[in-house]
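>>> could you look at this predicted model? Sequence included:
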Amino acid sequence: MASLPFTSLHSQTYHHPAPFLNAPSLPRPSPSRSITTVNHFVAAFPSISDSIPRATISILHSVGEQSASSQTTDDALDAAASLESPLDMEICFLDPETPPASIKEWEIDFCSRPILDIRGKKMWELIVCDATVSLQFAKFFPNNVINSVTLKEAILSITQALGVPLPERVRFFRSQMQTIITKACTELGIKPIPSRRCISLLIWLEERYETVYSRHPGFQKGSKPLLALDKPFPMGLPENLVGEKWAFVQLPFSAIKQEISALKTEFAFVGSLDLDLLGINIEDSTLIPGLAVASSRTKPLAAWMNGLELSSVEADTDRACLILSVGVSIRYTYATYRKTPAATQEAEAWEAAKKACGGLHFLAIQEDLDSDDCVGFWLLLDLPPPPV
């Protein structure tokens, strides 16, 4: 296991925690790889029997197997005639230096865009990329052909046009499209993975909003996304994910890169992000905020966490708790703390530091917060929802 020593913590309750260092005024870190604790307390996880707010079940708008709108011959002809702007041009690209067989995972978004065709109907778009953006595909569709058959045929057309094999896995971040995407992928022998760790795709959507959608003659400024991202009320944490203690911590970015590299070598549980590829520039000396979790059953806990498609950790000062987001629409009350002015200030400062780092933060699992060993380490990126 990789060495990841924490500064000693002295208490299991709040005892006048020291303020978290805000990113703009962060001091230069020492050469040590130690994670610096933000405060001098350790908070205990709530037990399953504690009164944790339960989930509120709500019916979400979803797109089923039927087309997004009724289909008629006249509508289909009108839709075909509407694709006249140069911005409607299909993108089908593969980096010539990338071996086709090396691309085993795709990121997909199949959703409406804030663009009207000549019928006054919203246009839909399928965009596909891989984590390295070596593969890129984008194509508009009329809203009356949105179903799993269209998606399945489009996936096959990509493989034929670019000479790439079918991916082993497809990640998608809109829960409302789960039925269509799951059916199309399953019929092709592809594993569909609901996940907000579609970082390359989300960044590409931001770029296309500025360079394509907003410049299209049919663009509808101020139009709200048809399939907005879910943010349900947080559920109680399953027993297999409960830790014993936690603490806000921080670590120089250079040390984070070293830890991830070491953990990968030792085949530990780790989740990383290629920030250079994503165009996210962070100085090595920048202190990145994180959450350290201690447990006497580190390996089982890290194994369960590693299979969750971890998205982000959020400090909710209104509820005095930490919220863990996984998959596309699952939010857990990960831990709670006693609500005091000092605790609220601490949580707000941690969130401010995360925002100053562009949403970058991490989650680490150890046997003890004073231990020199790290069993699980995940680099997380809390991005705002896409504009479409």
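That came through fine.
>>> please identify the buried residues of stretch 360-379?
Neighbour-count burial for stretch 360-379 flags 360-367, 369, 371, 374-379 (criterion: 16 or more other C-beta atoms under 10 Å). Every residue, glycine included, has its C-beta placed from N, CA and C.
>>> hmm, which of those is lowest in pLDDT?
Among the buried residues of stretch 360-379, Ser371 has the lowest pLDDT, at 77.
>>> if I look at it, how far off is Ser295?
11 Å (C-beta to C-beta, to the nearest Å).
>>> what of Leu87?
Per C-beta to C-beta, Leu87 is found 51 Å from Ser295.
>>> please say which of the two ends up with more neighbours.
Using other C-beta atoms under 10 Å as the criterion, Leu87 and Ser295 rank with Ser295 on top: 22 against 18.
>>> just the buried residues of the longest strand seen in the chain, please?
Identified as the longest strand of the chain according to DSSP state E is strand 105-116. Across strand 105-116, burial judged by 16+ other C-beta under 10 Å covers Trp106, Glu107, Ile108, Asp109, Phe110, Cys111, Ser112, Arg113, Pro114, Ile115, Leu116.
>>> please name the bridge partners of the third one.
Each beta-bridge partner of Ile108 is listed here: Val128, as defined by DSSP bridges.
>>> that one reaches Val170, doesn't it?
Yes: with contact defined as C-beta atoms under 8 Å, Ile108 counts as touching Val170 (5.4 Å).
>>> please identify every residue contacting each of these two.
Common contacts of Ile108 and Val170 (C-beta atoms under 8 Å, 6 or more residues apart in numbering): Ile181.
>>> Cys357 and Leu273, how far apart?
Counting by C-beta to C-beta, the gap from Cys357 to Leu273 is 12 Å.
>>> out of those two, which sits in the busier spot?
The neighbour comparison of Cys357 against Leu273 (other C-beta under 10 Å) goes to Cys357, with 21 against 18.
>>> for the more buried one, give me its contacts.
By C-beta under 8 Å, 6+ apart, the contact set of Cys357 is Ala23, Ile282, Thr286, Ile288, Pro289.
>>> let's see 10 Å
Cys357 makes contacts with Ala23, Leu26, Gln250, Phe253, Ile280, Ile282, Thr286, Leu287, Ile288, Pro289, Leu381, Asp382, as judged by C-beta atoms under 10 Å, 6 or more residues apart in numbering.
>>> what count of nearby residues applies to the last one?
Residue crowding around Asp382 was assessed by other C-beta under 10 Å; the count is 18.
>>> that one contacts Glu314, correct?
Yes: in this structure, Asp382 is within contact of Glu314 by C-beta atoms under 10 Å, at 7.1 Å.
>>> any idea which element Ile288 lies in?
Element membership of Ile288, judged by DSSP states H and E, is strand 287-294.
>>> strand partners of that strand, parallel vs antiparallel please.
When sheet partners are counted by DSSP bridges, strand 287-294 sits next to strand 245-252 (antiparallel), strand 360-366 (parallel).
>>> what comes up buried for the helix or strand containing Ala255?
In this structure, Ala255 is located in helix 253-265 according to DSSP H and E. Buried residues in helix 253-265, defined by neighbour count with 16+ other C-beta under 10 Å: Phe253, Ser254, Ala255, Ile256, Gln258, Glu259, Ile260, Ala262, Leu263.
>>> one more: stretch 228-237?
Pro234, Met235, Gly236, Leu237.
>>> just stretch 208-227 next, same as before
Neighbour-count burial for stretch 208-227 flags Arg208, Tyr209, Val212, Tyr213, His216, Gly218, Phe219, Ser223, Leu226, Leu227 (criterion: 16+ other C-beta under 10 Å).
>>> chain center to it: distance?
Using C-alpha atoms, centre = their mean, to the nearest Å, the mean C-alpha position of stretch 208-227 is found 23 Å from that of the whole chain.
>>> take the buried residues of stretch 208-227 and write them to JSON lines, including pLDDT, secondary structure and distance to Thr150.
What follows is the buried residues of stretch 208-227, written out as JSON lines (pLDDT from 0 to 100; DSSP: H, G, I helix; E, B strand; the rest coil; distance: C-beta to C-beta, whole Å):
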{"residue": "Arg208", "pLDDT": "95", "secondary structure": "helix", "distance to Thr150": "20"}
{"residue": "Tyr209", "pLDDT": "95", "secondary structure": "helix", "distance to Thr150": "23"}
{"residue": "Val212", "pLDDT": "95", "secondary structure": "coil", "distance to Thr150": "21"}
{"residue": "Tyr213", "pLDDT": "95", "secondary structure": "helix", "distance to Thr150": "20"}
{"residue": "His216", "pLDDT": "93", "secondary structure": "coil", "distance to Thr150": "21"}
{"residue": "Gly218", "pLDDT": "93", "secondary structure": "coil", "distance to Thr150": "21"}
{"residue": "Phe219", "pLDDT": "94", "secondary structure": "strand", "distance to Thr150": "23"}
{"residue": "Ser223", "pLDDT": "83", "secondary structure": "coil", "distance to Thr150": "23"}
{"residue": "Leu226", "pLDDT": "71", "secondary structure": "coil", "distance to Thr150": "17"}
{"residue": "Leu227", "pLDDT": "67", "secondary structure": "coil", "distance to Thr150": "16"}
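>>> which residues touch Pro194?
Here Pro194 is in contact with 171-175, 177-178, 181-182, 309, 326-330 (C-beta under 10 Å, 6+ apart).
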